[in-house]
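Colleague: below are the sequence and a predicted model for it; my questions follow.
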Number of protein chains: 2
Amino acid sequence: MDELDSAIVRELQQDARQTNRALAHKLGVAPSTCLERVRLLHQRGVIRGYHADIDPAALNREVEAFVSVQLRPPSRQVIEGFKAAMFALPQVQAVYVVAGEQDFLVQVSVPSLDALHSFLIDRLTQRREVASFRSQIIYDSARKHVAAPLEPPQ
Amino acid sequence: MDELDSAIVRELQQDARQTNRALAHKLGVAPSTCLERVRLLHQRGVIRGYHADIDPAALNREVEAFVSVQLRPPSRQVIEGFKAAMFALPQVQAVYVVAGEQDFLVQVSVPSLDALHSFLIDRLTQRREVASFRSQIIYDSARKHVAAPLEPPQ
DNA sequence: GCGCCTGCCCGAATAGTGTTCGGCGTCAAC
DNA sequence: GTTGACGCCGAACACTATTCGGGCAGGCGC
């Protein structure tokens, strides 16, 4: 993971579809060198995949929210089961098992506030292991698509 | 946004680097047709970009957490300023302005628990507009990279 | 210092791909 | 039935990915 690898990772986070030649030219190396580096980054698991970023509105998902959930009992079995069940739902974008008062953070995206309400009372309240939940509608968000390596002297 | 567009979007969410020919072959259309569709999806803003998914561990980011923050006063100026300041920090992955008890949800990724602590006391506590905050360390997470269009009869 | 080995990078060659463009079929309107 | 518009197709050409043999530098043993 030298300087060249970092640069490749940065560039591909920014635009995963640029040609290998363009990438090589930007970094000042030969295309064959660049290709080999990318292949190794893949093999080492550094690059996990390439994904298109889609406008949620185009997928009829105008409303996004975080739902934090407390489970009872918070045992391994219950947590794993709940995680799998949530992840299988099409409205669910991401599931986070967290430390704190709440056990789960579930990121959902739905067509409308009505759909969010339906989701909460049909999919969440239904489940007996849900002790309590709290939903936070997302008014505005900003996500980074490119993360740089951090150094310990941070 | 017909069936073919949806299929293209689904495929490119799954693997943004597959060749246009492979994509066309999967969907049973000519490469030229497929290319034109992709171009239009871009132009319409449906496809916002293509990004490599990188293992956080490779970027020296072993610890991830959500930090929920309450601001005082929660005015537009304060919110916008805080959002911009957080987003500029390298440890911050995403910023969400949310409804509820807390005003902000900040997703951070850092090398260690120490680094998280440093971030909280150096970058967050420092700011006068931060009335209170609560951090939730992420034990486990699962994110979807492909989202399907939702229909109103959901 | 000298020679050897290893690892990395390069450039050329080939196979495969992106991209353009003229033409054709289908459908709807009139 | 005729016309126009739209979208899809396939061939052609330029460009790109990918492979592979060779060369260069750095490190190590002697």
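Modeller: That came through fine. Numbering: from 1, shown residues only, chains lettered A, B, ... in the order given.

Colleague: quick one: A:Ser109 from B:Gly28, how far?
Modeller: To B:Gly28, A:Ser109 is 29 Å away according to C-beta to C-beta, to the nearest Å. No exception for glycine: its C-beta is placed from N, CA and C like everyone else's.

Colleague: between the two, which is the more surrounded one?
Modeller: Set A:Ser109 next to B:Gly28 and count neighbours by other C-beta atoms under 10 Å in any protein chain shown: A:Ser109 wins out with 24 against 10.

Colleague: which SS state does the spatially closest residue to that one that is not a sequence neighbour fall under?
Modeller: Using C-beta to C-beta, 6 or more residues apart in numbering or on different chains and skipping the chain neighbours, the partner closest in space to A:Ser109 is A:Arg61 (3.9 Å). Secondary structure, DSSP: H, G, I helix; E, B strand; the rest coil: A:Arg61 is coil.

Colleague: where does A:Arg61 land on pLDDT?
Modeller: Note on A:Arg61: pLDDT of 97.

Colleague: tell me the contacts of the residue nearest to A:Arg143 when sequence neighbours are not counted?
Modeller: Setting aside the residues directly before and after it, A:Arg143 is nearest to B:Ala94 in space (C-beta to C-beta, 6+ apart), at 4.2 Å. Contacts of B:Ala94 were listed using C-beta atoms under 8 Å, 6 or more residues apart in numbering or on different chains, and they are A:Ser141, A:Ala142, A:Arg143, A:Lys144, B:Val106, B:Gln107.

Colleague: A helix includes A:Arg134, no?
Modeller: No: counting by three-state DSSP, one finds A:Arg134 to be strand, located in no helix.

Colleague: for it, grab the count of nearby residues.
Modeller: 14.

Colleague: cool, and A:Ala30?
Modeller: Here the number of neighbours of A:Ala30 (other C-beta under 10 Å) works out to 12.

Colleague: over to the one 10 residues further on?
Modeller: Residues within reach of A:Leu40, counting by other C-beta under 10 Å, total 13.

Colleague: host element of it?
Modeller: Per DSSP states H and E, A:Leu40 falls inside helix A:31-43.

Colleague: now swap in A:Asp114 and tell me
Modeller: Using DSSP H and E, A:Asp114 sits in helix A:113-119.

Colleague: now that helix: how far from the chain's centre is it?
Modeller: Centroid separation between helix A:113-119 and its chain, computed with C-alpha atoms, centre = their mean, to the nearest Å, is 22 Å.

Colleague: close to chain B, is that helix?
Modeller: Yes: using C-beta under 8 Å from any C-beta of the partner chain, helix A:113-119 comes into contact with chain B via A:Ala115, A:Ser118.

Colleague: pull that helix out as CSV, backbone CA atoms only.
Modeller: The C-alpha coordinates for helix A:113-119 follow below in CSV (Å, rounded to 0.1, in the frame of the first residue of the first chain):
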residue,chain,number,x,y,z
LEU,A,113,-43.9,9.5,4.8
ASP,A,114,-46.9,7.2,4.6
ALA,A,115,-44.7,4.4,3.4
LEU,A,116,-42.3,5.1,6.3
HIS,A,117,-45.2,4.8,8.7
SER,A,118,-46.4,1.6,7.1
PHE,A,119,-42.9,0.2,7.3
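
Colleague: what are the buried residues along that helix?
Modeller: Under the neighbour-count criterion of 16 or more other C-beta atoms under 10 Å in any protein chain shown, helix A:113-119 has A:Ala115, A:Leu116, A:Phe119 buried.
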